[in-house]
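A.B. asks: Pasting a predicted model and its sequence here:
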Amino acid sequence: MRVEYYAHSAAVLGGAPEPLKEHLTDVAARAALHAQSFGAEQEAHMAGLLHDLGKYGHLFQRRLEGKEKGIDHWSAGAWAAITKYCHEGIAAALAIQGHHIGLQQAAKDSLRTLDPKSLEKSHPLFLRPSEVDTDLLLHRLARDEIVLPAAGFASIYQCSAPAAAMLDVRMLFSALVDADFIETEAHFDRDAAGKKRHRQPGHTLDAHATLAALLAYIETVASSADASQAVKSMRGDLLQACLCAADSKQGLFTLTAPTGSGKTLSMLAFALRHAERFGLRRIVTVLPYLTIIDQTVGNYRKAIAPLVGANRLNEFILEHHSLAGAEPESVEGKLDGEDAASRRRRELAENWDSPLIVTTSVQFLESLFSNRPAACRKLHRLAASVILFDEVQTLPVNLAIPTLAALSRLAERYGATVVFSTATQPAFTHLDEHVRKFCVQGWRATEVVPASAGLFGRTQRASVIWPELDRSASWKELADQIAAVETRQVLCILNLKRHALTLFQELRDRGSDGLFHLSTNMCPAHRRAVLLEVRARLLSHQPCHLVSTQCVEAGVDVDFPEVFRAFAPLDAIIQAAGRCNRNHLRPTGALRVFVPEEEAYPDSAYAQAAGVTRLLLKARGPGEMNIDDPGLATTYYRELYSLAKPQERNEKLREALRRQDFADVASLYRLIPNDAINVLVPYDPDAYAELAHEVREINLNRRWILKARSHTVNLFRPKPGAPVTGCLESVPVSRNATADDWFIYLRPEHYDPQLGLLPPQSMECLIA
């Protein structure tokens, strides 16, 4: 009598369990389809057929009946991939092993432990293999008329350079786990007739039509822009340079152009023309800060709305970041409170199945080095895509080499085009030799804008007044200088929150008119409101004094006649200049760099970069510190890399890469190293009261997170016993459990209507 083996229990009460043969063949077919774009369909198909091989074991079938628990059903398939295919089976084995527990290690000793007979004696997770006889499982697979591909295919796992090799594994892993997620989901969402009901695929990119819509929008914006003719001309020339460069062959590009030159939309035009030219599938825009995502997405939506319609915009332009409420892992497994639109947004975010993605550096890069199924399942979508990094100068020096290596492999092996855009282009080519140790292609990028375009220095919108380095300014002196500015419109940027608060207080005490503050102590809704008011005052020539941290520098569109900047790394000073006379509506603006009375910096890397700027200023003198000369930024970065030695940073991460230890790499690759928590704050008392009541009544869910994000401040996780802990109420996730990363702030008086959250005696928990 033939035994039927099942992959999953019944979808609904009274329904039928899913035959294992059906699940394996469906996952294999979908995984092969995912991997087709990078030529690994045969290997992905094999991984799909073997990924649940252990479910042919008797113990797993008893687990489906509720008669067993603690069963390992994945190691058998991984072991079969190695024993049948040898080296060609390593990537599949790692992917199969990791589809439930995450990618582990590629070392031979680690792979040997996949043998079910060894696992029966000692399992690292204290589980039992579903069956120790792999040949028996393969026999049952064959009896289900499933035929494995013959050995001898070219595996994706060929490159010996560690970062590249690990990316290859992750791409195969992505194809497998996404296929497994989708097919499992479809089984449990069968229709009334018992047929699998798959999620609707995302929209495809019509690059030609989208580019036409974008160019029409750019023309409309240019004709109505409140900017000088010189700035408009510069923006037009940048756009043409981007459109011309888009015909260049795929690979690595830099886009170096002054602040305020229209990089955001010109870069998107490059991407669309490039996608049209080479048949690419999607565009991914990567931004460093949440503070500039609203602005970027707003422009994208205005440009593309006439093409796709307002109802389809959220699916055509997918935002995947903490403020979008579409994070697959934000409340893992808790889908209550999710309406149809939220579910659709989450589904698209899970595997980036949209033509245009907007995400953060943290989301993109940490996924690129992750080992977890949910984080990696979207990576296969990056093949044959254009990936745009804006404000790339924010990439941490200590992560530069592995990041460049992974992106170089993504371009070389997977047909992606990567663009690094900024006004202060890091000299990453200087690191090429070190990148080659982790990806043999190294880092050699082509500049989009030819030197002959002469964009830098064309307008000379702001003159820089450099300080005497041995003379510092007191907060009182600084406040006096700001108050004395004739236009009464001044932006002052500080390096630390406590400095910004001190200066703000000085100005407030003297009754400065139109005084505002901007920092991440303020929730996103608060920051948006401040920027709206600031822009309105600037346009109407009303008094406006904005005291801000560095959060205003990268991509925030404000135009002050005069800017003060605390001494900082050169790239930060140049970015600050981009907020000064941005639209060239005055003959010139003034950027005044000063040394504050307490010279301090957010961290050692920032201090070191400021030190390099100090050395350059001493060596060259103010007359040779021309921020409109891109060569100055190149010299600065070369000096910084010579001093900071990125190739010697993060030894633990580099060693984990060499070991190809996926779990350790995922743990060590962190753009934001400190553990942070989300805190609902009382910026808007009515919204705060409503959100606090709702979550206490119905518990944490995705829909609530979507509404709460704009009213949330991130804090470093406070130490036990810190005074701020008495002000935090942990958000419930069920009747008997609370979240460890979501809290309600209980003291409304600690949220200043101008300064944001100021927990008394707990300033150390504020993120700089």
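C.D. replies: Yes, it's here. This structure is a prediction, so every number in the text was calculated from the model and none was measured.

A.B. asks: what's the average pLDDT for the lengthiest helix in the chain?
C.D. replies: Determined from DSSP state H, the single longest helix within the chain is helix 162-187. For helix 162-187, the mean pLDDT works out to 97.

A.B. asks: tell me which residues in that helix are buried?
C.D. replies: Going by neighbour count (16 or more other C-beta atoms under 10 Å), the buried part of helix 162-187 is 162-184, 186-187. Every residue, glycine included, has its C-beta placed from N, CA and C.

A.B. asks: How about the strand or helix carrying Leu111, which residues are buried there?
C.D. replies: Taking DSSP states H and E as the criterion, Leu111 maps to helix 108-112. By 16+ other C-beta under 10 Å, the buried positions in helix 108-112 come out as Leu111.

A.B. asks: Not counting its neighbours along the chain, what's nearest Gln250?
C.D. replies: Spatially, and ignoring its direct neighbours in sequence, Gln250 is nearest to Thr417 (4.6 Å; C-beta to C-beta, 6 or more residues apart in numbering).

A.B. asks: Show the pLDDT at that neighbour.
C.D. replies: 98.

A.B. asks: Pairing partners for the longest strand along the chain, with directions?
C.D. replies: With DSSP state E setting the assignment, residue counts place strand 738-745 as the longest strand in the chain. The strands beside strand 738-745 in its sheet (DSSP bridges) come out as strand 676-680 (parallel), strand 728-732 (antiparallel).

A.B. asks: How about that strand, which residues are buried there?
C.D. replies: 739, 741-745.

A.B. asks: swap in stretch 697-713?
C.D. replies: Across stretch 697-713, burial judged by 16+ other C-beta under 10 Å covers 699-706, 708-713.

A.B. asks: which residues sit in contact with Ala500?
C.D. replies: Ala500 makes contacts with 494, 517, 519, 547-549, as judged by C-beta atoms under 8 Å, 6 or more residues apart in numbering.

A.B. asks: Quick check: which element contains it?
C.D. replies: Per DSSP H and E: helix 497-509 holds Ala500.

A.B. asks: Please identify the pairing partners of whichever helix or strand comes after that helix and their relative orientation?
C.D. replies: Next helix or strand after helix 497-509 toward the C-terminus (DSSP H and E): strand 515-518. Strand pairing for strand 515-518, using DSSP bridges, gives strand 544-548 (parallel).

A.B. asks: Report the inter-axis angle for the strand it pairs with versus helix 497-509.
C.D. replies: 160 degrees (axes from the mean of the first three to the mean of the last three C-alpha atoms, to 10 degrees).

A.B. asks: Pull the residues that contact strand 544-548.
C.D. replies: Contacts for strand 544-548 (C-beta under 8 Å, 6+ apart): 482, 488-494, 500, 503-504, 507, 512-519, 530, 534, 537-538, 552, 558, 560.

A.B. asks: Over to stretch 342-356?
C.D. replies: Looking at what lies outside stretch 342-356 - C-beta under 8 Å, 6+ apart - the contacts are 178, 181-182, 199, 201-206, 210, 281-285, 300, 304, 314-318, 320, 324-328, 335, 338, 374, 377-378, 380-382, 702-703, 706.

A.B. asks: just the buried members of those residues?
C.D. replies: Using 16+ other C-beta under 10 Å as the burial test, the contacts of stretch 342-356 include 178, 181-182, 199, 202-203, 205-206, 210, 281-285, 300, 304, 314-318, 320, 324-328, 338, 374, 377-378, 380-382, 702-703, 706 as buried.

A.B. asks: Could you list the domains of this structure?
C.D. replies: The chain breaks down into these domains under automatic domain parsing: 6-187, 207-247+261-276+283-366+388-394+420-453, 462-627, 676-765.

A.B. asks: and of those domains, who's closest to Arg659?
C.D. replies: Among the domains of the chain, the nearest to Arg659 by C-beta to C-beta is domain 6-187 (6.2 Å).

A.B. asks: and the end-to-end length of the closest one?
C.D. replies: With C-alpha to C-alpha, to the nearest Å as the measure, the ends of domain 6-187 fall 12 Å from one another.

A.B. asks: Please give the centre-to-centre distance between stretch 151-169 and its chain.
C.D. replies: How far stretch 151-169 lies from its chain's middle: 25 Å, per C-alpha atoms, centre = their mean, to the nearest Å.

A.B. asks: Output it as PDB, restricted to C-alpha atoms.
C.D. replies: Output in PDB follows, covering the C-alpha atoms of stretch 151-169 (Å, rounded to 0.1, in the frame of the first residue of the first chain):
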ATOM      1  CA  ALA A 151      25.300  16.400 -11.300                       C
ATOM      2  CA  GLY A 152      27.700  18.500 -13.300                       C
ATOM      3  CA  PHE A 153      25.900  21.800 -13.500                       C
ATOM      4  CA  ALA A 154      27.800  25.000 -12.800                       C
ATOM      5  CA  SER A 155      27.100  26.000  -9.300                       C
ATOM      6  CA  ILE A 156      26.500  29.600  -8.300                       C
ATOM      7  CA  TYR A 157      29.100  29.000  -5.500                       C
ATOM      8  CA  GLN A 158      32.400  29.400  -7.500                       C
ATOM      9  CA  CYS A 159      34.000  32.600  -6.200                       C
ATOM     10  CA  SER A 160      36.700  32.200  -3.500                       C
ATOM     11  CA  ALA A 161      36.600  35.800  -2.400                       C
ATOM     12  CA  PRO A 162      34.500  35.700   0.800                       C
ATOM     13  CA  ALA A 163      32.100  38.600   0.500                       C
ATOM     14  CA  ALA A 164      31.300  37.600  -3.100                       C
ATOM     15  CA  ALA A 165      30.900  33.900  -2.300                       C
ATOM     16  CA  MET A 166      28.500  34.700   0.600                       C
ATOM     17  CA  LEU A 167      26.400  36.900  -1.600                       C
ATOM     18  CA  ASP A 168      26.100  34.100  -4.100                       C
ATOM     19  CA  VAL A 169      24.800  31.800  -1.400                       C
END
